[in-house]
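Trainee: Just need the structure, nothing else, for what follows:
(one chain, ligands or ions: 1)
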Amino acid sequence: MTVPSHNASTNGQAEDMDIDQENGNPPKKQRLMSKEDLERVMDDIEKHSLDVNEKWYLISLKWWRKVEKVMEDGFIEDITPIDNSKISTRGISGAYYLLPSLVEKMDFIPVPEKSFEKLVDSFGVEDAKRDVIERVVIKDKLRGNILEIYPKVVHVALARDRSKKVTVFLRNDTVGALRDRVLKELNVEAPLDKIRIFVEHEDRFEWLKDMKDDDDVSTLFSAEPTILVDVLDDNGKGFIETKSTLDSATHLMARISRLSLNFLWWLFPAHSFISFIIRKLIYSTNNARYLSHLYRFDNKDENWSANPRYKRGVCGLSNLGNTCFMASAVQCLSNVPEITEYFLSDQYQPDINEANPLGTEGHLAKVYGALMKSMWSGIQESIVPRNFKSVIGKFAPRFSGYAQQDSQELLAFLLDGLHEDLNRIRKKPYVEERDPPEGMGQKEIAEEAWDNYKKRNDSIIVDKVHGQLKSTLVCPICAKISIKFDPFCFLSVPVPAKEVIFRMKIVVMFNPHKKWARFCLGITRSTTVAEVIALINDAFDEKIELVPFTVDVHGKPSIFIDPTQPICGAERSRYDTVYAWQVALPVEGNSLVTVQTMGEHRSKTLPLLFTIPSNSSEEFVKEMTEKEVIPLVKRVFMKGRKKMEDDESEEEINLSEKCVIEVLDCPEGWNVNLKLEDTSILDDIRGTGLIEREKSVPEPKQEVALTDCINLFTKEEQLAEQDSWYCPQCKEHVRAMKKLDIWKLPQVLIVHLKRFQYSRWSREKIDTPVNIPGTDFHLRDILANDSHEDAIYDLIAVSHHMGGLGGGHYTASALNGNTWYYFNDAHVTKTHPPFGASTSPYMLVYRRREPPILHSDGNLDMETDD
Ligand SMILES: [Zn+2]
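Mentor: This is a model prediction of the structure:
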């Protein structure tokens, strides 16, 4: 058996590769491969398929990027030894571990064994213990052949003698198979009914008595738990007590006191739990409350305490290793009164639909019901949601494993699973989707769509959480409109990225009689062309017409025509410098003349821009070129111009005679090329002798309102090419204009702030603070449905995400009675309402304020705490 540190899991592989493992020094580079060899290796890595049991090695992307860079423009000798320090961490034992939550192609790349050997041969490794990270291809039931990046392991020890300890890799074991393996490893021979298996937690043990032999063990654990195997003695007594009574605790204490403490320390080296228990027993022997908590191993306890010890629902959920995303989502849902009430009162029992193939045969509903009962029993301060996690892992394997997950995805799975498990429709009827007849009103279309949906979907989740969206598509060619109404469970709204100010250089060529100026402008990604011009005008306290442009490597100008476009938009992401000419007339409503001084292949100088009335003739352009442009070119770009300015009498070069004027009609106006045989008489003066000025847009507002995000969600947009829509009238795929609107709001509205942005090569967390309305959130005005009932909402729960992508931590705030609580895994504390601007809210649960019920005696039915 091996432990999951890098070197140990290589089973001596490192030595086979001539790596000096003793001191971890980089070996000498032996045969430096050629660039062609390296290219071949890179190719092999790209094309290699995943075969079961094959070994692969992980390489930090940071190092790999260096290799790629060398392939582009460097010397292969410059490649340093493989360095995985960015993806490794050193454990207490000195062994190295892969950092958690890493992502392929973002943090590392996997390399097949042969290719890795070649890379090591050629470049070496910095530290063999750290940099040789072996992983094996396994067959996954659902995902096929995969490279197991984070092999799951459990540490197993005998309860009576913890010096006997083994570490076991979890593959696709069943509980039974794992137990048999472990017993063999530990050399334990005992009938199965004499064996109890416990999971050790910080302050207590959890008896896995309900696990069935054929349960998939991989769904049970996500971290590296320590498991204790307890063999009952001849009297049927185990070492770990399991009864949740004071008697058994006293019994344990009696037994401990009979043994010498020293002996105990010897028996349990480096472990503090016994001392913890002893301490607790000594200091709180009369504290029945504590003890019964300590010995309550069974989280499926459905006892309902009539006199709750803890406030009902204020119950933490122990982290089972990166399961905070799950706890956060569950706490949000647990604090939705209507849904929890439905589970606690057993109303869900008759609704369980075991036959629904889209559900989990009722498993999820049952385990969630049991979880709610435990959390709301008032008996426990926190519980271990193992059964729940196990069912989730069984039906959605993506949620098992070490990697940090997404609380919204988990909640989406949970709500969907609960809906199907509790779908009151036993046999879904076939509902034909029809195009609404001409003249049918929106309201009727929406109602028909909702009725059709309800014919197949009828559950507490639909009743409380599902709303309806209106989606409108308009064909840009024939203006055909298509309206559809679809149910929604989450309002997934975009969060605008934080605006940051960055510097852009712009060289402004004022009317050339004045001096030119270079500005250093502080702008944001959304600063428009018009705003840039306004900044410059502002600096000179003068209103002038400017035409900004950039030039490409061939000297060709690219002009910013549309004043409303961001100057650093998506296509024009970055420039060294932007230029601007002062012109006489506004571009709008006039013609633009672009003049280039053409040498053989490229423009010799910066282009010159002029504006002229739009009805000007070609002759006019020619005349202007001769009378105004050429003298200007001469003054600005001709060599030795300073001298000439000083002494007008000296012999002048006649530029008009030396160039051919070519005038071309173009969409924006006119292109004029001054074709010169000898361009050496011209000198490009860009960037010389300029006045420097600085100016910046005001510091952008750093927070957005939640309604801003909702408005972004309902903003009309043009479909991308790959999402194009088949217009039934044009009979072809078109890039339609699409608009989403909220039509019908549910009683419980879940808003998901899309803070995570993924693309093939980049992942980003948008941490713009969003201002969260707490109470009295009026949504009536943003609805597309005029006849919608009043929609005033109050916040009742928030799922928070702190930290960056991949890692980070999830918690939840939720309202219980009139008090807000903060749920941080097993720990729960009172907290302030999570209203206002903050970067952490990720999911928001709002509840519609119902009109107060007026009793016959005229008193309002007020909600009270407890
Ligand atoms: Zn069309």
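
Trainee: Please give the element, helix or strand, for the closest residue to W64 other than its chain neighbours.
Mentor: In space, and not counting its chain neighbours, W64 is closest to I109: 5.4 Å by CB to CB, 6 or more residues apart in numbering. C-betas here are computed from N, CA, C, even on glycine. Using DSSP states H and E, I109 falls within strand 108-112.

Trainee: now do T550
Mentor: Counting by DSSP H and E, T550 is part of strand 545-551.

Trainee: before we move on, the earlier item: so how many other residues sit close to the residue nearest to W64?
Mentor: 19 (other CB atoms under 10 Å).

Trainee: Quick check, pLDDT for it.
Mentor: Note on I109: pLDDT of 90.

Trainee: so who does it touch?
Mentor: I45, L58, I59, L61, W64 (CB atoms under 8 Å, 6 or more residues apart in numbering).

Trainee: for the residue nearest to G669 when sequence neighbours are not counted, helix, strand, or coil?
Mentor: Distances taken as CB to CB, 6+ apart place S591 nearest to G669, at 3.4 Å, with adjacent residues excluded. Per DSSP: H, G, I helix; E, B strand; the rest coil, the local secondary structure of S591 is strand.

Trainee: beta partners for S591?
Mentor: I612 (DSSP bridges).

Trainee: same question, A580
Mentor: Beta-bridge partners, per DSSP bridges, of A580: V508, P548.

Trainee: Quick check: the gap between it and K695.
Mentor: 13 Å (CB to CB, to the nearest Å).

Trainee: Need the residues touching each of these two.
Mentor: I536.

Trainee: Looking at these two, which has the bigger crowd around it?
Mentor: Each of A580 and K695 has its neighbours counted (other CB under 10 Å); A580 has more, 25 against 18.

Trainee: My understanding was that the more buried one contacts M509; is that so?
Mentor: Yes: counting by CB atoms under 8 Å, A580 does reach M509; the two are 6.9 Å apart.

Trainee: where does the protein come near the ion, residue by residue?
Mentor: C475, I477, C478, K480, C727, Q729, C730 (CB under 5 Å from the ion).

Trainee: Quick check: mean pLDDT of the lengthiest strand in the chain?
Mentor: The strand that spans the most residues within the chain, counting by DSSP state E, is strand 792-802. Regarding strand 792-802, the rounded mean pLDDT is 95.

Trainee: Let me know the next secondary structure element after that strand.
Mentor: Following strand 792-802 in sequence, per DSSP H and E, is strand 809-816.

Trainee: Give the pairing partners of that next one; include direction for each.
Mentor: The strands beside strand 809-816 in its sheet (DSSP bridges) come out as strand 792-802 (antiparallel), strand 819-824 (antiparallel).

Trainee: can you tell me which residues contact the residue nearest in space to the middle of the chain?
Mentor: With distances taken as CA atoms, centre = their mean, F756 lies nearest the centre of the chain, 3.0 Å away. Shown in contact with F756 (CB under 8 Å, 6+ apart): D406, R763, E764, K765, I766, L805.

Trainee: which among the residues you listed end up buried?
Mentor: D406, K765, I766, L805 (16 or more other CB atoms under 10 Å).

Trainee: pLDDT score assigned to the residue lying closest to the second one once chain neighbours are set aside?
Mentor: Right, K765. Counting by CB to CB, 6+ apart, L805 is the residue found nearest to K765 once chain neighbours are left out, at 5.0 Å. We have a pLDDT of 70 for L805.

Trainee: wait, doesn't L805 sit right on E764?
Mentor: Yes: if you go by CB under 8 Å, L805 and E764 touch, sitting 7.3 Å apart.
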